[in-house]
Each structure stands twice: as structure tokens, then as C-alpha cells.
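**Student:** Could you work out the structure for the sequence below:
(chains A, B and C)
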Amino acid sequence: MSGIDVDLAVNGLITGLFYALMAIGLSLIFGILKIVNFAHGEFYMVGAYAYTLTALALGVPVWVALPLAFVAGALLGWVTERTLMRPLYAGYTSWGLMRDEYAVIVTFGLSLFLINLVDKLIGPYAYRGPPLVETSRVVLGPVLISGHRLLAAGIAIAVIAFTAALIKWSFWGQQIRAVSQNRLGASLAGIDTAKASAIVFMLSGGLAAFAGALLSPVINASPDVGIFPAIKSYIIVVLGGMGSVPGAIVASLALGVIESFGAVYLSYQYRDGFGLVLLMLFLLFRPQGLFGEKGREV
Amino acid sequence: MAGSLRLDMLGVALTVAAALLPVAGARAADPIKVGVTITQSPPGSVVQGTQVKDGLEVATKIINDAGGVDGSKIELVIEDTQGLPEKARAAVEKLITRDKVVAITGEHQSSAALAGIEVAHRYKIPYINTNGWSDAIREKGYPEVFNPGNYNSRVGGAAAATMKELGVKRVLSFAENTDYGIGLAKAIGESLKKIAPDIQYKYVTLDRASKDFLPAILPLRANPPDAIINLMLPPAAYIMMNQVYEQGVAPSAKTWLYDGSGLADYPDFWQNVKEAGKGMLVFGLYHPKMAQPPLGKQVGDAYTAKTKNEPNRLLFQAADSLFLIADAVKRAKSTDAEAIIKALGETKYTGTRGEIIFSKEKGYAFNQWLDVPYVTFQLTEVNQKVGDAVLVSQPGQPLDKAKLWAPAK
Amino acid sequence: MASSSGTLPVANPSGAQLSTTKTTVEFRAALVAMSVVALIPLGVGNAYWLGVLIVSMYFAILAGAWNLLAGYTGQFSLAPATFAMIGAYTTGLLNYYFGIPPLLGIVAAVVVSGLIGLLLGRAVLRLVGPYLALTTLSFAEIMRLVASNSIDITRGDLGLGVAGLLNSRIGWYYLFLGALVGLLILFYLLLRSKAGLFLQAIRDDEVAARRAGVNVVFWKTAAFAISAAASGFAGALYAHFAELATPELGLIGQTGLIVSMTVIGGMGTLAGPLVAAFLVYVLSEWLRDIGGYQLVVFAALVVIFARFFREGLWGLAKAAVQRWRRA
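**Tutor:** All right, here's what the predicted structure looks like:
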């Protein structure tokens, strides 16, 4: 492996870590509600703004602003679930059998609403979030990386590991997995399915917001900042299999590395296209992805 | 029931009347309306749009305070193009058909300008291109379009000359994937071929909407070029600069970083790049130590008083655009489009940067002010103000190599 | 729980008039709205506002086409704007490189968009809901990236200069109106025929429809192709009107606008999306000068309507009329 390949691999993996933060939540939502949240990118955006604005305008120290961003995302997730998603399984919309379509429209509309609201209230300008540390260059063997990115990657690993452990071993994690497998059965067994859904949305929103905050020094906060990461998340969730957290993690890292190498060896201009092409191919030929349950087909 | 019916009819009548009001139009004091198309929201460069707006407003105030143009005040009508050609086209349409402006100006992004001039040409309304550098704008040869601002071939020539004077052998340009970036990259290539054919040159186009350029930068670490030229605008330019610096490529002992986009003028430049900007060589259309006509000083001071910021080149280009329109209207003694266009062609006006005359040569020089002054300066400290930066070349003079600074590693 | 499309049209042997179905009522309402639009130039001569109305018609066609696909057939594609962009570039490129006259270019645009729509529709046959949405979203983004990056061919974000077709604004006004009304009639005839029943049956319960003998594969693909062809047609017309084709036409934000118009107007109704397109676009231009909150309001309306008023403005208007009749 030549020197540059190590660089590409490391950078790809680090990018993949941030993708994973975004994608885990989306995967969980699909597992429990069988829908894709098209407003997921806006949770990321809210986190980026929460972190950046509290740190810059209110002077809050960065280590406080970071968890604040998580809280902001979680709050938004909870409100979304409560007002828009409840009807999905409580059955009181006029959409009848078209639950999926309802979810698509409603989350798509929510996405547009949030983007334009922020654009009008805060302004279209991008705000650069303060980095966690000021070192601009850290040497890590053959790889050069900015101090902030290194620290952010470390934090991301910790959070991802913690979340995965939570889902696998905690009480609520088990509840969530039960509801994902069989909603009716789980509720018969006495599990509060509404609460499980709410927790999933809060977790999803919080994680995405956290990602937005961590990356805001590099990808500055702007109203449409979430669109890009959202598309990556959709790709990953399908690749990894909707509903599978380990699948989402593996697919995230894989996508990061593929894009990194593809950009240098295949085509720089179309690097964002690789993921999209993969997405289309998987959706058309293997909708359950690498690890997930069988996709809903007719 | 009858009462509410009458109320309904009154309501309808009022609504119709209100709807027709804009059509009735303003007949009152007849201000001279000048249409302005600038970027006020993304994805275009909002910072540029704001600087242009400020420049136009300062110039408007100066003209109106002095009594306007033969008694008529100038009124700016501003439309947001978002930097998108389709919106620019719609904006110019709107200004001409709805607001009936006497001239269009303010455009600062080449792709938007290219779309806008088509509409201006169709309606035969004068169009003063404030900051569209693309040679293609001039090459169309539209008689309505006048260019008192910078042009790609100027930067191309300047960059090539600087590269030659630096004595480098391999040069790489990072250009944004717009007509501006690519046009500039090609112009530099052309100039290099002419004056320094032994310099190896290539350019890489980067997506201005992308947030990560590492894949384009990493391959350079093994074999860095002698100079990297930036042909991108913020925010992508900042991301690129930070990553180029983070990877130890430039500015460094081996590689010069040269900016052809006027980044140092942006108010958020240092906040975004910090150390990555130290040592950057800049193609500057404005430097406080440059010689300027008195009108330039006046505009600069008024701008600083109004915004608390240091003047920048867009300010002067915008102010000149408006002064030229006012001057043409005055000489033509009319706001008729054809008369203004004729008067503009005969311009001999000392604006904020020098005496402006428009060349008649076909090609990139058509209706262009050829002698746009420029300097080269180098940023030597983080957070350094442009005024404190070291001037390494004055207009018309070669690079003073003794003044250059290079980092140790 | 199939939502009804009204009573089945009963063929009367003596050729007397068929009973009025829901679709016919909507069609008549739409025609009335179009007549109002046709008369506007008599009162408004301002080129700017006529231009705004022309763009509204462009969106009305796109909304109507998307409505056919999503509202009537239940396929929520997120690529309507993409087909408009494809149509625009087809005619634009043919004109720019080969000098093909605009009229032929427009025909070519319809054919090309329709074909691509056919292929895409075929490929996504077995996908539903979010999977379909994601696939079409990827398709949309890929197409836009291609248009934007192929700078040597399409001139990328710079935009492609396209020849004009008509010289007068009024001419364009009636051309667009003619196209809109023509497509309206086409959709009406389609929906009133057996095809309309099949499409709605597919939307409401695809499995049941197949069991009842409906050729699901054919009709789903046909809906995609027709919708894409109509969108391509609109895009091509617009390209010659604006004399410009840019990747902007295919932005997801444009799709968002189209979806908003359809949802607010009333999905699965003939008149709703058409009228809503005018309302939304004209209001948005008018409000832009005042504050610019229009997009926020429209997006909020989409969420609210999706949540509470599935039948959109049309449904609300219908309910109001019924209550008025009863009073």
C-alpha cells in the first residue's frame, strides 16, 4: 500500500464515523416505524445551529454547547414523533392504507418547513462553529489531520459504541428491538410501544444533531446543510439494511472509504454519485441491504 | 344579507383597485431608477452581494447629496439572484418590465451576468457589468454591455507574470466549477503559454458546493507543485485552503499559495482560515497603499464611516458602475436607453480607481476598461489587515523578490 | 378501504348523458378556473405579471403530471422536476449543437422524457413508499449532478442558451395555457376511462387490484411514462420561453414546490393541484417583496394538510359548498 492509500483509508474511515452518527438514528426509526424520515437532515442542521449559535452568540463553552446540541435534536425528534408520527400507528389519519406515503409527504413537508424557517429566522449565511481545539495540524504517523477532526472522531467512536451497547443490552434497548420485530406482539406483551417510538425519535434526533455540531467547524451551519448528510444516511441505511444498527455502522465506514478511494482513483467530480448509484442498485436488486430484514415489496 | 353583499362588493372593488395600483405606476417626482441584480442569499456569494450593495448605496448617497443628476435623484431597485443564472434572468426581466429601470448594474458573478445580459440585449437596456470577470461576457459583443470591472484575461496575465517572476516550474490551479473559475483557469493557462512556456500548468475543478476536498489534495502530498493558485470563492475556498494547509502542502517552503479571487478582502476571511492564510500571495485589485484618485478616497472613507469595515475592491467597482451611469445620463441629457448607451461608449471618466475608457476591440476587450489597476501583496501574519500586508508589486512594476516571505517548512 | 372515485359511468344505450362522476365535477371546475386565467390578459397587460402567470402554468402542468402519478396511482416519485429538466436539456442540446428547430425539439423532449420515465417506472415496479421515494430521489440527484458536471456538453451551472420560439409574451401566455388545457383534457379522458379506475385501484390496494385482474405492471409503468412525458413537455416549453436550460430546473427544491402545490391543492383531485399551482406561485412572487415568509407558510401548509386535510383545498372547498347547500 502506498503512502497515499493509508491517508485515503484513514480519512475515509473518519468520514464514515460521522456518517454513522447520522445513520444509526435513521436505521432505528425504520426498524420501529417502518418509515423513512425525510426530515432527518434537518435534525443535523438544528444540531449544527444549536452548537454554533450558543457558542458564538451566547458565549457558552464548547463542551457545554455540544451536549446542548444533542438535547436540541432530541427535543425536535420528540415533538415530531408526538405530533406527526403518532397517527401513523394509532390509525387516525384519512390516509387509510397509505401509511408509507403519508410518512413520505409529511416528513418531506417538515423538511421544507424547517429549512425555510431557519433561513428566514436566522438568515441564509453560513456560520462556522468553533472547533473543540485550535490545533490545526496533528501528525499521526503518516497521516496529517486537524486537531478538531481527530478529537471529533474519538468522540464519535465513543458515542457510537455507547449507543450500540445501549440498544443491545439496556432495558429500553430491548424494548425497542421487540417493537421493531413485532409491534402488535410487543404491545400484547405489555411494552409501551408509543414510548418506545418516542425514545427512538429522540435518540435519532439527538445523534444527528450531535453529528451536525461536531462537524460544524468544517461543514458550516447553514439552512440547507442537512441535505447532504441526509442523502448519505439514506444510502447507508439501505446498504446496511434498514433497522440494523451494526449494518448501519459497517455501511457507514464502507461508504466513507469507497468515496475516499473512488474520488481519487475513479472520478473526483462524481464522488457523490457513487453512493447514489449504489443506493439505486441496492434498492432495485437487494432492498434488504447487507444485513437487514426483507424490504417491503409488493 | 344585503348589507353584507354590499360589503362584499366593496371588498372586491378595493382588492381589484389595490391589485391594479402597481400597474398604475409611479408618475410623481421621476427619480432615475437603476436596477441592481446581486446575490442576497445562497448559493451565490452573499458577502460579495453585500459589498456591491454597500458600494452602490455609498455612491448613490454621494450623487444625491450633490443634487442628483440634473435635479433627479437616483433610486436603486434591488433584486436577489442567489447567484443563479435562471434567477438572474428573471431578475433582469422583472427590473426592465415591471420597474422600468434606465439601466441594470451590480452583477458580480459571471454565470448570472451571462444570463442577465441576454435579457438586457433583447430589450436594449444598458447593462454595466460590475464584477463579472468572464471573457465570454465581452466576447458576445453586445453593444448594451459595459465592463468597468476586472476581467479574466487581466488576472490571467497578472498570475502568469507573477509565476514567471517567482521562478516556479510546476503550477496547479484549484478552480471552482463555474464559468468564473474555469474561465480564469483557462485564461491563466493561455497567458502562461505565451510568456513562460516552460512552466508546467494544470488545473483541477472543484465543486463549489462540496465540503471536502481531501481526495483532490491528498495526492499532492507525495509530489507537491511549486505553486497552487486559488480560483475559488468562499465558502468552498476556505475549506480548500484549510485542508491544503492541514496536509502541509501550502503555504509551505516548497509551495507558494497564490490567490486569484480576492479572498483577502472578505470580512470573514481570517475567522475562517486562520493560519492557513499566512504567507498567501494575493492578486489585489485594491490596497490601501495604492495611489487612488480623490473620488476613490471619498468613497472609501464614506464606506468605512457607514459599515466600520475597511474598503475593498468590490466597493470601488460598484461605485464606479453607478458613477458611470450617472455620468452617461448627464452627458446624454436623457434617460432614453439608446442615448445612454451611446453616451457610455464615449465615456472618459475618472472614477474611484483611475480614468475609465472603454476599448472597442472585439473579443475579450470589447467595451472593457483595459487598464484596471492591480497589485500583488503577501499576508505575513494571521489576522493581518490588508493595509498592513506587504506590497510586493506595484501597478506596472515587476515583483520585488526581496519582500517575499516563505515559511520555514 | 378503497377511496371511491364516484359512481361507475353507466353507458346508456340511447346515448344520453353519463351520470356525473366526481372526476367530471372536478374537470368542469378546472375548466372554469382555466377560463378565468384565459381572460386575465384582457385586464392585465403588464409583462411582468403575465410572466409570473406563465411560470405558474409551467408548475400547474408539473403538478398535474405528478398528481397523476402520485395522487391517482399512488407512486410517490421525487423526480418530477428532473423530467422537466431532462425535457429542457433535450430540446436545448438539440438546438444548440444541431440547430434543430424548437418545435421538433419539443417533440423530441416529450419522447425522450417519456422513454426515460418508462424505463424508470419499469425498474421501480416492485418498490413502494419510502423505497420508491428514495430510488427516485437518487435518480433525481444523479441526473442533476450529471447535468451540472458535464460542463463541456451542457455548460454546467452556467446554463445552456436556448433559442426562443415566440416573440410576444401574450403568445407565450396562450401557448402555455393551450398546453395546460390540452393536458387537462387528456388526463380527464384517461381518468374517466377504465384506465382511471385501474390506476386508482392500484393506488388503494395493489394486491387486490392484481387479483381482480388489473394489469398492474402495464398501468404503473404507463402512469410513470405519461407523467414523465408531460413533465418533459413542460420543461421543453419553459426552456424556449426562458431561453435558458440550467440544472436548477432539477433541484429537489423545485420538486418540493411541485409536491407542495399538489398536496395543498388536493392530491387525487383534478382541479386541486392546478388551482393551487397558481395560488402558490403568484402568492409567492407577490409576498416575496413584502417579507419572503411564503415558503415557510407553504411548507407548513403541506404538513398540516397532509396531517389533517388529505383532500387539500379542493376537499375544503367541497366541504364548504356542501355545508352551504345544506344551510
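**Student:** burial count for residue 117?
**Tutor:** If you meant another chain, say so; for now it's chain A. When counting by other CB atoms under 10 Å in any protein chain shown, one arrives at 18 neighbours for A:Leu117. C-beta coordinates here come from the backbone N, C-alpha and C atoms, glycine included.
**Student:** not what I meant, chain C
**Tutor:** 29.
**Student:** and C:Val36, how many neighbours?
**Tutor:** Should you count by other CB under 10 Å, C:Val36 turns out to have 11 residues around it.
**Student:** check contacts around the residue nearest to A:Tyr234 when sequence neighbours are not counted.
**Tutor:** In space, A:Tyr234 comes closest to C:Leu134 once its chain neighbours are excluded; the distance is 5.3 Å by CB to CB, 6 or more residues apart in numbering or on different chains. With contact taken as CB atoms under 8 Å, 6 or more residues apart in numbering or on different chains, C:Leu134 is in contact with A:36, A:234, A:238, A:279, A:283.
**Student:** got the contact list for B:Leu370?
**Tutor:** Neighbour list for B:Leu370: B:Ser359 [criterion: CB under 8 Å, 6+ apart].
**Student:** for C:Phe298, that is, sorry about that
**Tutor:** Contacts were defined as CB under 8 Å, 6+ apart; by that measure C:Phe298 touches A:112, C:257, C:260, C:264, C:280, C:284.
**Student:** Chain B contacts on chain A?
**Tutor:** Where chain A comes near chain B, counting by CB under 8 Å from any CB of the partner chain, the residues are A:2-4, A:7-8, A:11, A:15, A:119, A:124-126, A:128, A:136-137, A:144-146, A:218-220, A:222, A:224, A:228, A:259-260, A:263-264, A:268-269, A:271-272.
**Student:** Could you identify the buried members of these?
**Tutor:** For the residues of chain A next to chain B, burial is judged from neighbour counts taken by 16 or more other CB atoms under 10 Å in any protein chain shown, and it is met by A:4, A:7-8, A:11, A:15, A:119, A:124-126, A:128, A:136, A:144-146, A:218-220, A:222, A:224, A:228, A:259-260, A:263-264, A:268-269, A:271-272.
**Student:** what's the helix or strand A:Val179 falls within packed up against?
**Tutor:** Per DSSP states H and E, A:Val179 falls inside helix A:171-181. Contact partners of helix A:171-181 among helices and strands, from 3 or more CB pairs under 8 Å, 6 or more residues apart in numbering or on different chains; DSSP states H and E: helix A:3-33, helix A:147-169, helix A:183-188, helix A:193-215.
**Student:** could you dump those to JSON lines with distance to B:Tyr180 and mean pLDDT?
**Tutor:** Conversion of those to JSON lines gives the following (distance: least, CB to CB, whole Å; pLDDT from 0 to 100):
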{"stretch": "helix A:3-33", "distance to B:Tyr180": "29", "mean pLDDT": "86"}
{"stretch": "helix A:147-169", "distance to B:Tyr180": "30", "mean pLDDT": "90"}
{"stretch": "helix A:183-188", "distance to B:Tyr180": "54", "mean pLDDT": "78"}
{"stretch": "helix A:193-215", "distance to B:Tyr180": "28", "mean pLDDT": "91"}
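**Student:** Let me know which of the ones you listed is tucked in deepest.
**Tutor:** The densest packing among the helices and strands packed on helix A:171-181, expressed as mean neighbour count by mean count of other CB atoms under 10 Å in any protein chain shown, is seen in helix A:193-215 with a mean of 26.
**Student:** Among the helices and strands packed on helix A:171-181, which comes closest to C:Arg323?
**Tutor:** Across those, the minimum distance to C:Arg323, taken as CB to CB, is reached by helix A:193-215, at 35.0 Å.
**Student:** quick one: the closest one near chain C?
**Tutor:** No - using CB under 8 Å from any CB, helix A:193-215 never reaches chain C; the gap is at least 14.9 Å.
**Student:** CA-only coordinates of stretch A:16-25 in PDB, if you can.
**Tutor:** Taking Å, rounded to 0.1, in the frame of the first residue of the first chain, the C-alpha atoms of stretch A:16-25 are listed here in PDB:
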ATOM      1  CA  GLY A  16     -17.500   7.100   7.900                       C
ATOM      2  CA  LEU A  17     -17.700   7.600  11.600                       C
ATOM      3  CA  PHE A  18     -19.600  10.800  11.200                       C
ATOM      4  CA  TYR A  19     -21.900   9.200   8.600                       C
ATOM      5  CA  ALA A  20     -22.600   6.500  11.200                       C
ATOM      6  CA  LEU A  21     -23.700   9.000  13.800                       C
ATOM      7  CA  MET A  22     -26.300  10.200  11.300                       C
ATOM      8  CA  ALA A  23     -27.300   6.900  10.000                       C
ATOM      9  CA  ILE A  24     -27.900   4.900  13.200                       C
ATOM     10  CA  GLY A  25     -30.800   7.000  14.200                       C
END
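**Student:** In the stretch 1-150 of chain C, where is pLDDT below threshold?
**Tutor:** Scanning the stretch 1-150 of chain C for pLDDT under 70 picks out C:1-20.
**Student:** how about B:Asn64, what does it touch?
**Tutor:** B:Asn64 is in contact with B:73-74, counting by CB under 8 Å, 6+ apart.
**Student:** Count the residues that sit near the closest residue to B:Leu285 other than its chain neighbours.
**Tutor:** Nearest in space to B:Leu285, with sequence neighbours left out and distances taken as CB to CB, 6+ apart, is B:Arg313 at 3.7 Å. Under the neighbour criterion other CB under 10 Å, B:Arg313 is assigned a count of 24.
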